[in-house]
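[1] quick one: sequence and predicted model below, then my questions.
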Amino acid sequence: MRRIHITVLVLALVFITGFSVTATVVTTTTSIPTRGRILTSANLTLNSSPNPSKVGQNVTLSGILKDNSDQPLPQTRIFFYYSYNSQKWTYISTASTDNAGSFSTQWKPALNGRIYIRANATVGFAVREHVVANFIVAADGSGDFSNIQSAIDALPTSGGTAYVKGGTYMLDKLLTIINRSKVWLIGEGYNTKLTRSSGLTLRIENVTNLNIRKLHFHHLTNDHYEAISVRGINDGITIDSNWFTRDQGPLQKYVDLVFFNPNGTTKNLQIKNNFFQYAQIDAMAIKKVIGGTIENNTILDTATNSVNSLGSGMTIEQSFNIAIFGNYIKRTENQSMGGINIFGNSKEIRVERNTITNVEWGVNLDHVSNILVKGNIITDSFSSGVRVEDALNVTISENYIGEIQFDRDPPGIYVINNLNITVLGNTIRNMGSGIMLHNNKWTKIGFNTIDLAAKVFRLQKYGVHLYNSTSTQLYNNTILRAYDVGLAVSMSRDTTITGNFISENQRSSLRLSSSDYSIILQNTLKNNGKDLSVTTERDGIDIISSYYCIFKQNKVFDDQQTKTQLVGLVESGSSDYNQVIENDFRWNALSAMKIVGPHTILSGNLV
């Protein structure tokens, strides 16, 4: 029988509604037969009851199967599976739909924790999340315990699951999970609120395979609040789909919402799908963590105290092999909040596909190595989009940085005192400066698009500024509408500038100052010098006190009706021993070249 492939998607409702809806998103490609009608999984519903269930309790799996016109599909076989990770599935049983399209089967789970249940038909599938608990906690007394700590303490030494029903749990002392393994602490959602008026809510220490899920940590004051503090030696902690909030009040003591103590070590960490708001310093302080992911978290308004000068959405310190993916970080109030701060000899960190807006800086890297910053959206930053200092082997690629909303003029990317930095394929728009590179060695800047949209002159606000650096390559960049010079190179030896397009900047296209042994090859420099209030440094290329440089096969011209780019190439100061070969300097406003060096070689130029 001929078969086709169809991609089907199970859409999740927001997890705030708890377990009464499907709580996972599954995208897969399923091979299905061509006979019969093809359905998406939206036509196949799946329920489990009771949910949560207790260990050893029978669970009814039921649902309805309909076609796209909402008509029932009778006498269709339904196959049931379960999984702990939504990847490896174990068969449960088979049932058939009745004339109304309904189906059901019984299942007695053998293990506890969060479980995914899947119902398969030939025309689609559905997945839902189910919880099997050892104990149920209920604030109204309808569970096994009304006290969360009592349920944790009662779990078997081999591990287990405590499920906390919705309700407000006012904690008079902190919760602890210490020296435990394979523990799940799961709430019903936003309405499972763990509230304290002072101090720490949950301490985790010396654990393996711990899961904290769907709880709402809330604090009533600013008094020394930490929601979760992690200490000791840990392996396998997952903090998933929780809320971390606090009431805003007068400042007292100030700490982070989730804090990993640097005196311990945690391996295999996952922090995902959480919501953080009003952290007094950092939403997450990740210290001495080896291996893990921080993904799909929402972080609003950290650094809300006025004593500590700056906090961040997250800080990563002395940590290795961390992936930071898909987080949303935003400042909505008036505080000094940073985005992602990585420092303290952290290594092998990936920062990808995050959205960071209206913060002091988007991503800050300080004393780190082997870092990738890729595909992030960073807008309306105060001091810089991405800042890198005292780092080794950092790649900044394919980011969008721009859109400052107020009277600010920060650089898109600021790189200082580093070795082996690559800045590749970024888009920087409407910033004060594009890329600033100071005191670096072995830097590569390629295929970036920088459009600062400048309409007036501002001193030292360049498209790209290279200062006191060696062995730098700048290639195939587009630099447009800078407030000052498009590409400014100062006190930087052995610089190679090839294949760039530089246009419509307020002053000169390229300024080379005290930068010997540089190569400027096959660039297009046109229509610069837009600031008509000055009569100097509105040229294609300005060479100031630079020696032994090669300028070859560049196209330097002005094709505007009213020309603003005055001279194709100007040599000034003590410049000498340069080679100007096979360039096209036609069509500038005043002249092709001005040369002062008695030993500078001119050959084959079009003037």
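    Cool, the structure landed. Quantities reported herein were computed from a predicted structural model and do not represent experimental measurements. Numbering: from 1, shown residues only.
[2] where's the residue most central in space within the chain relative to residue 298, distance?
    Using CA atoms, centre = their mean, the residue of the chain that lies closest to the mean C-alpha position is residue 354, 2.4 Å off. Taking CB to CB, to the nearest Å as the measure, residue 354 falls 11 Å from residue 298. Where C-beta positions appear, they are placed from N, C-alpha and C, glycine not excepted.
[3] any shared contact partners between these two?
    Common neighbours of residue 354 and residue 298 (criterion: CB atoms under 8 Å, 6 or more residues apart in numbering): 327-328.
[4] got the domain ranges for the protein?
    Here the domain parsing of the chain from automatic domain parsing is 3-132, 165-359, 452-607.
[5] any chance of those in TSV, with mean pLDDT and distance to residue 370 too?
    Output for those, formatted as TSV (pLDDT from 0 to 100; distance: least, CB to CB, whole Å):
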stretch	mean pLDDT	distance to residue 370
domain 3-132	75	29
domain 165-359	90	5
domain 452-607	95	20
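[6] count the neighbours of the closest residue to residue 72 other than its chain neighbours for me.
    Computed as CB to CB, 6 or more residues apart in numbering, the closest residue to residue 72 that is not its neighbour in sequence is residue 101, at 2.9 Å. By the criterion of other CB atoms under 10 Å, residue 101 has 21 neighbours.
[7] please apply the same query to residue 143.
    Other residues lying near residue 143 total 19 when counted by other CB under 10 Å.
[8] can you pull the contacts of it?
    Taking CB under 8 Å, 6+ apart as the contact definition, residue 143 lies against 135-137, 165.
[9] if we can go back for a sec, now render the domains of the chain as CSV, adding distance to residue 422.
    Shown next, in CSV, are the domains of the chain (distance: least, CB to CB, whole Å):
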stretch, distance to residue 422
domain 3-132, 33
domain 165-359, 14
domain 452-607, 9
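[10] nearest to residue 402 among these would be which one?
    With respect to residue 402, and counting by CB to CB, the nearest of the domains of the chain is domain 452-607 at 8.9 Å.
[11] endpoints of the closest one, how far apart?
    Terminal residues of domain 452-607 are spaced 31 Å apart (CA to CA, to the nearest Å).
[12] from the middle of its chain, how far away would it be?
    Chain-centre distance of domain 452-607: 36 Å, with CA atoms, centre = their mean, to the nearest Å.
[13] how about the helices in the stretch 201-350 of the chain?
    Using DSSP state H, counting those that start in this stretch, no helices are found in the stretch 201-350 of the chain.
[14] confirm for me that the residue nearest to residue 72 is in contact with residue 74.
    Yes - with contacts defined as CB atoms under 8 Å, residue 101 counts as touching residue 74 at a distance of 6.3 Å.
[15] my read: the residue nearest to the centre of the chain touches residue 330, true?
    No - at 11.1 Å, residue 354 does not count as touching residue 330 under the criterion of CB under 8 Å.
[16] ok, back up a step: relative to residue 173, how far out is the residue nearest to the centre of the chain?
    Distance, residue 354 to residue 173, by CB to CB: 36 Å.
[17] do residue 542 as well
    70 Å.
[18] could you do residue 467 as well?
    56 Å.
[19] of those two, who's got more company?
    Ranked by neighbour count (other CB under 10 Å), residue 467 and residue 173 place residue 467 first, with 18 against 10.
[20] leaving out chain neighbours, which residue sits closest to residue 568?
    Spatially, and ignoring its direct neighbours in sequence, residue 568 is nearest to residue 585 (3.1 Å; CB to CB, 6+ apart).
[21] ok, the one you found - how many residues close by?
    Neighbour count for residue 585, taken as other CB under 10 Å: 22.
[22] hang on, it packs against residue 595?
    No - checked against CB under 8 Å, the pair residue 585 and residue 595 is beyond contact range at 11.4 Å.
[23] who touches both of these two?
    residue 569.
[24] related to what we said a few turns ago, the domains of the chain: which one's closest to residue 373?
    The closest of those to residue 373 is domain 165-359. By CB to CB, the value is 4.7 Å.
[25] which residues does residue 392 bridge with?
    Assessed by DSSP bridges, residue 392 has beta-bridge partners residue 369, residue 419.
[26] isn't it up against residue 422?
    No - counting by CB under 8 Å, residue 422 is not a contact partner of residue 392; they are 11.8 Å apart.
[27] before we move on, back to that, quick check: the residue nearest to residue 72 vs residue 300, distance?
    44 Å.
[28] kindly report the same for residue 604.
    Separation of residue 604 from residue 300 (CB to CB) stands at 61 Å.
[29] pick out whichever of the two has more residues nearby.
    residue 300 (19 against 10).
[30] skipping adjacent residues, who's closest to that one in space?
    Residue 300's closest residue in space is residue 277 (CB to CB, 6+ apart), at 4.5 Å.
[31] quick one: the helices in the stretch 401-550 of the chain?
    Listed in chain order, the stretch 401-550 of the chain contains no helices at all (DSSP H, counting those that start in this stretch).
[32] how about the stretch 1-150 of the chain?
    Using DSSP H, counting those that start in this stretch, the helices of the stretch 1-150 of the chain run over 148-154.
[33] the strands in it, which residues?
    Under the criterion DSSP state E, counting those that start in this stretch, the stretch 1-150 of the chain carries strands at the ranges 3-10, 26-33, 47-49, 53-54, 59-64, 77-83, 90-96, 102-107, 113-121, 124-133, 135-137.
[34] going by neighbour count, which of the contacts of residue 143 comes out on top?
    With neighbours taken as other CB under 10 Å, the top of the contacts of residue 143 is residue 137, carrying 25 neighbours.
[35] how near is that residue to residue 243?
    17 Å.
[36] can you check residue 579 too?
    For residue 579, the distance to residue 243 (CB to CB) stands at 65 Å.
[37] which of the two has more residues huddled nearby?
    Counted by other CB under 10 Å, residue 579 and residue 243 do not tie: residue 243 has more neighbours, with 23 against 15.
[38] can you tell me the distance between the two ends of stretch 339-359?
    OK, stretch 339-359 end separation, CA to CA: 6 Å.
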